[in-house]
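From the sequence below, what's the structure:
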Amino acid sequence: MKTSDSIKEIATALAKAQAVMAGAKKDATNPHFRSRYADLASVWEACRSPLATNGISVIQMTEPSDKDEIIVDTRLMHTSGEWIEGRLTLPVSKADAQGYGSALTYARRYGLSAAVGIAPEDDDGNAAAAAKPDYSKHTARQVAVDELEAQTPEEQAFLREKAIEIIAVHESKGDVFAFVETQHFDTEQKLALWSLLPSNVRSAIKRARAPNGLASQP
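I've put the predicted structure just below:
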């Protein structure tokens, strides 16, 4: 993270903005399944007014790279002239215009969310918890296997393909956790996918700086 010499004014303004920010609504659908997530427009909708009201604007810019990756710098700027900036780098799944465009959108969304402290609303969290099977007597590894077996054959095939892609990213020294985050897996998919990954890949994900998602699996 980079900042101006002083961040007193912008820190105060950002605290006020965050006090009234709501979560980003999950109004987009994963094309692979029916899981929903908060897209870039939803994140902007959640933070635009609170930031503007408190004198904060946002600029997101890209940097060139000689690798198959997208680099996005997100800068929060205050009317006082103070600023805070962070950088996010994401791998490109396919080196064409669509692949770079998709990665750019992901990077902008994650960079903005992280910079302003936005999290998606979990509208269906209670319903999902109520419907979840009782795994209390299973080992952590068995829970992941059970979740995979609970998926439909089509879903299992999709997750196996994704496991192969994740392993390939790891073997090419890529950012495995960042790649996983671009896929918008829901909790059940992440748990099922965990059972398909070799121990060295799971260890790499666990070491990633990530409080949620696959990195928190057994």
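
lowest average confidence, helix or strand, in the protein?
Using mean pLDDT, DSSP states H and E, the weakest-scoring helix or strand in the chain turns out to be helix 125-131, at a mean of 40.

what are the phi and psi values for residue 86?
Dihedral pair for residue 86: phi -140, psi 160, per degrees, to the nearest 10.

count of neighbours near it?
Here the number of neighbours of residue 86 (other CB atoms under 10 Å) works out to 16. Any C-beta I mention is one placed from the backbone N, CA and C, and that applies to glycine too.

next one: residue 12
For residue 12, the neighbour count with other CB under 10 Å is 14.

other SSEs contacting the helix or strand harbouring it?
Using DSSP states H and E, residue 12 falls within helix 8-20. Judged by 3 or more CB pairs under 8 Å, 6 or more residues apart in numbering; DSSP states H and E, helix 8-20 is in contact with helix 40-53, strand 56-63, strand 69-78, strand 83-91, helix 97-116.

Try it again at 6 Å.
If you count contacts as 3 or more CB pairs under 6 Å, 6 or more residues apart in numbering; DSSP states H and E, helix 8-20 packs onto helix 40-53, strand 69-78.

could you redo those as JSON lines and give each row mean neighbour count, distance to residue 170 and mean pLDDT?
What follows is the helices and strands packed on helix 8-20, written out as JSON lines (neighbours: other CB atoms under 10 Å; distance: least, CB to CB, whole Å; pLDDT from 0 to 100):
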{"stretch": "helix 40-53", "mean neighbour count": "18", "distance to residue 170": "27", "mean pLDDT": "89"}
{"stretch": "strand 69-78", "mean neighbour count": "20", "distance to residue 170": "15", "mean pLDDT": "94"}
